[in-house]
Structure formats: structure tokens, C-alpha cells
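[1] okay, structure incoming, though there's no sequence with it:
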């Protein structure tokens, strides 16, 4: 098995875990890092999205902020 596949699978699992922990604790920072870990493998595996890897942090911050806002409403 290729090392990159293992790393990407670990990133997705860690990202899902951090995102769920952040969602339960209502922590934007934990959701932010979880979404980054979750989106990096997706953006690298899709050739069309590979050019937009630099935009992952603002996208993750927006999603985390909106999720926090929707979760408290």
C-alpha cells in the first residue's frame, strides 16, 4: 500500500474526529483544524481542486464559524 494513501486516510480519520469533537464542545478552533485535516486529502486527490489548496484555511474557518453559529441557534 502506498504511503500517501495511508497518510491521506489518517488525515481523514483525524479530521473527522476533530470536527466531531469541536462540534460537541462548540469549539471553533477544533472544528477549524479538523476541517483542514479533512479537506487536504480531498483537495489533493481531485486534480481540478489541487490549485485551490491555498484556500483551505479560509474555507475551513468559514465552515467552522457557520457550523458554530447554526449549532448555537
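    That came through fine. Fair warning: this is a prediction, and the values are worked out from it, not measured in the lab.

[2] buried ones in the helix or strand harbouring residue 58?
    Assigned by DSSP states H and E, residue 58 falls within helix 56-72. By neighbour count on 16 or more other C-beta atoms under 10 Å, the buried set for helix 56-72 is 56, 60, 61, 63, 64, 67, 68. (Glycine included, C-beta is placed from N, CA and C.)

[3] try stretch 28-37
    30, 31, 32, 33, 34, 35, 36, 37.

[4] quick one: which of those is nearest to residue 18?
    In terms of C-beta to C-beta, no member of these lies closer to residue 18 than residue 34, at 2.9 Å.

[5] which residues sit against the helix holding residue 58?
    22, 23, 26, 28, 29, 31, 32, 35, 36, 39, 40, 43 (C-beta atoms under 8 Å, 6 or more residues apart in numbering).

[6] before we move on, the earlier item: return the subset of the buried residues of stretch 28-37 lying in helices.
    Of the positions in the buried residues of stretch 28-37, 30, 31, 32, 33, 34, 35, 36, 37 sit in helices, assigned by DSSP state H.

[7] between those residues, which is closest to residue 52?
    Using C-beta to C-beta, these come closest to residue 52 at residue 36, 13.4 Å.

[8] and the gap between the nearest residue to the closest one once chain neighbours are set aside and residue 50?
    Distances taken as C-beta to C-beta, 6 or more residues apart in numbering place residue 60 nearest to residue 36, at 4.9 Å, with adjacent residues excluded. Taking C-beta to C-beta, to the nearest Å as the measure, residue 60 falls 17 Å from residue 50.

[9] check residue 33 too.
    On the measure of C-beta to C-beta, residue 33 and residue 50 end up 21 Å apart.

[10] repeat that for residue 14.
    Distance from residue 14 to residue 50, counting by C-beta to C-beta: 21 Å.

[11] same deal with residue 44?
    Distance from residue 44 to residue 50, by C-beta to C-beta: 6 Å.

[12] same thing with residue 11?
    15 Å.
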